[in-house]
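Participant: Take this sequence and fold it.
(chains A and B, ligands or ions: 2)
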Amino acid sequence: MPMLELQGIHTYYGHVQALKGVDVTVEQGEIVTLIGANGAGKSTLLMTICGNPRATRGKIMFEGQDITRAPISTIVRQGVQQVPEGRRIFSRMTVLENLQMGATLGDPAHYKSDLDRMFGMFSILEKRQTQRAGTLSGGEQQMLAICRALMSRPRLLMLDEPSLGLAPLIVKQIFKTIQDLNRENGTTILLVEQNAFHALKVAHRAYVLQNGEIRLQGSGQELLSNPEVRALYLEGGHHAP
Amino acid sequence: MRVEERVEQGGWLGESLPPFIGLHRCGTPDFRGRARLSAGAGLEYFLQQMINGLTLGSIYGLIAIGYTMVYGIIGMINFAHGEVYMIGSFIAVIAFTLLSAAGIAAVPLGIVAVLLAAVFFTAVYGWAIERVAYRPLRGAPKIAPLISAIGMSIFLQNYVQLAQGARVKPIPPVVRGSFELLHLDGFTVRLTFIQIFIILTTVVLMIGFTYLITRTSFGRQQRSCEQDRTMASLLGVNVDRTISATFVIGAALAAVAGVMVTMYYGVVDFYIGFLAGMKAFTAAVLGGIGSLPGAMLGGLLIGLIEALFSAYFSIEYKDVASFSILILVLMFMPSGLLGRPEIEKV
Ligand SMILES: Nc1ncnc2c1ncn2[C@@H]1O[C@H](COP(=O)(O)OP(=O)(O)OP(=O)(O)O)[C@@H](O)[C@H]1O
Ligand SMILES: [Mg+2]
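Facilitator: Ligands and ions are numbered 1, 2, ... in the order given. Alright, predicted model coming up:
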């Protein structure tokens, strides 16, 4: 049984159809990457899984349970967390308060050790603890957004373009973090990326979304060598390791 | 229950008072008129007005918090909030009447009982108003809940008028006595026990409330909903419950204000919510709508301005002072004194 299974998902914004019958599965312990052009529907797909907006047609199963119409609170309580597009940190709260917000669904007994783990991962957050999150740099905000999602020890972590706008060194650090989480904690990951080269390299499997439909799917390696993917998503200077 | 009506009752605060009804007819009960004033008593007179203004400002500040919190979390002005305060005052009148009918003489215990009753029942009203009038309109265009709020305000006024009658409701004085702080040239600066009670209660509540919002996990969830409701829900915050709690807290603070006003002036009627609500709203706007310290500061300033304006210019036109401020602030400083500067990284 897959951990997450989307069957024929249709999602609309008013009259705009953003998803047109999408099938995606994510197995326990996998890193699955979703790539696609701007406006393909990637963010919509992640948000639909969390129930905002709702799928108008199709079915979403999480660990054998139908969550298509479940309240958002029920869905996130199952261990589904996302680092949404644009980070959406609470900018008028301190860094520490943001992390505490992330622990809302977590076990209070784990709070202290989880906090230390986050600070171990990104030591800058520890130094900035009492600073308003809105004053962090873009990269620091991204680290905070990831740590906030991790504070509840999610079993499925969805990340929407975590490398957007970050310096190459930080991008590397973030991809390494994602891989470590997957290897060491067994966290299942659904990753949306524009940075297709990196994303496909770390992914076990990947999907290409185009105009709200799945265009291609396969292992990360397969898609990396697929001529269509290379032409559309890997053109330009993305090949350098 | 319906409170007994007595027309001949003029209030017990002082025979020199003009006939008044509640907050909207008289802002400063200790106002003695400048006629009696001799030249040397200028400072004493001013001091007295500051004390009166501080008392009034405490009341406005408590009510203003309800406006600012609701605005912060759902982005609408809850125009029914003045009525919530009015209901708190009525519950106080009913409770005081019941207590005195039961012959309960222990004043401190009685006041605590009245406060608890008023806070509880008013909070239920606050909760119900949100459920009935605003929650079904969540996600609707902004004008819809605004109209709903005005409708709710009219409904509550009429409901209380029908249930309790239109006449002024008096209560016997609960707390008498005062300190004479200064006495000079025939003018006495008085700090009444009830004023001390009002100011102290307000200070304690504001400290407790600030702690709740800035230091507790409920306060964090409340603030997270203010900033990004969707994100808060994705982290597992129960947004509906947090919004309900916001209304309940706002109503509870307004109820305390209502009880204290009832004790201060000795009378209420179904209409007091309108002007007190508008003044508190002005306070919230002056402080910066959405800002909690702003609501407290704004309340204080409006109270002081009103007391001083009544004392030195015209008691008849004291409402003009507050509302001129409202207009000026809206025109020239819409984010108020402590409103948040909108500089945020996206
Ligand atoms: N709130 C919204 N209201 C209306 N239309 C929307 C809304 N959000 C997204 N859309 C539309 O849905 C489509 C898919 O948007 P989505 O944000 O899912 O794309 P994306 O693949 O994440 O793109 P990007 O790579 O630019 O982030 C787009 O055509 C977009 O215009
Ligand atoms: Mg997107």
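
Participant: Can you give the distance of stretch A:169-182 from its chain's centre?
Facilitator: Relative to its parent chain, stretch A:169-182 has a centroid offset of 13 Å by CA atoms, centre = their mean, to the nearest Å.

Participant: List the buried residues of it.
Facilitator: For stretch A:169-182, burial by neighbour count (16 or more other CB atoms under 10 Å in any protein chain shown) applies to A:170-171, A:173-175, A:177-178, A:181-182. Using the backbone N, CA and C atoms, a C-beta is placed for each residue, glycine as well.

Participant: quick check, nearest of those to A:Asn226?
Facilitator: Nearest to A:Asn226 among those: A:Phe175, at 20.6 Å, using CB to CB.

Participant: give me every residue that touches that closest one.
Facilitator: For A:Phe175, the contact set (CB atoms under 8 Å, 6 or more residues apart in numbering or on different chains) comprises A:163, A:198-199, A:202.

Participant: Tell me how many other residues crowd residue 46.
Facilitator: In the absence of a named chain, chain A is used. Other residues near A:Leu46 come to 21 when the count uses other CB atoms under 10 Å in any protein chain shown.

Participant: wrong one, chain B
Facilitator: The tally of other residues near B:Phe46 (other CB under 10 Å) stands at 14.

Participant: picking that back up, save the buried residues of stretch A:169-182 as JSON lines, and put in pLDDT and secondary structure too.
Facilitator: Converted to JSON lines, those look like this (pLDDT from 0 to 100; DSSP: H, G, I helix; E, B strand; the rest coil):
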{"residue": "A:Ile170", "pLDDT": "87", "secondary structure": "helix"}
{"residue": "A:Val171", "pLDDT": "91", "secondary structure": "helix"}
{"residue": "A:Gln173", "pLDDT": "89", "secondary structure": "helix"}
{"residue": "A:Ile174", "pLDDT": "91", "secondary structure": "helix"}
{"residue": "A:Phe175", "pLDDT": "93", "secondary structure": "helix"}
{"residue": "A:Thr177", "pLDDT": "92", "secondary structure": "helix"}
{"residue": "A:Ile178", "pLDDT": "94", "secondary structure": "helix"}
{"residue": "A:Leu181", "pLDDT": "94", "secondary structure": "helix"}
{"residue": "A:Asn182", "pLDDT": "96", "secondary structure": "helix"}
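
Participant: Which single one of those residues is nearest to chain B?
Facilitator: Relative to chain B, the closest of those is A:Ile170; by CB to the nearest CB it sits at 16.1 Å.

Participant: Give me the spatial nearest neighbour of that closest one, chain neighbours excluded.
Facilitator: Leaving aside its sequence neighbours, A:Ile170 sits nearest to A:Gly139 (CB to CB, 6 or more residues apart in numbering or on different chains; 4.6 Å).

Participant: what's the helix or strand containing the one you found in contact with?
Facilitator: Using DSSP states H and E, A:Gly139 maps to helix A:138-150. Residues from elsewhere that reach helix A:138-150 (CB under 8 Å, 6+ apart): A:81-84, A:87-89, A:95, A:98-99, A:101-102, A:114, A:117-118, A:121-122, A:124-125, A:128, A:133, A:136, A:157, A:159, A:162, A:164-167, A:170, A:174, A:177, A:181, B:235, B:345.

Participant: please redo it, this time with the cut-off set to 7 Å
Facilitator: Outside helix A:138-150, the residues that touch it by CB atoms under 7 Å, 6 or more residues apart in numbering or on different chains are A:81-83, A:87, A:89, A:95, A:98-99, A:101-102, A:118, A:121-122, A:124-125, A:128, A:133, A:136, A:157, A:162, A:165-167, A:170, A:174, A:177.

Participant: Just those residues: which are in strands?
Facilitator: A:81-83, A:157 (DSSP state E).

Participant: Just put the residues you listed in JSON lines and tack on distance to chain B and pLDDT.
Facilitator: Putting those into JSON lines (distance: CB to the nearest CB, whole Å; pLDDT from 0 to 100) gives the following:
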{"residue": "A:Gln81", "distance to chain B": "7", "pLDDT": "97"}
{"residue": "A:Gln82", "distance to chain B": "6", "pLDDT": "95"}
{"residue": "A:Val83", "distance to chain B": "10", "pLDDT": "96"}
{"residue": "A:Leu157", "distance to chain B": "12", "pLDDT": "97"}
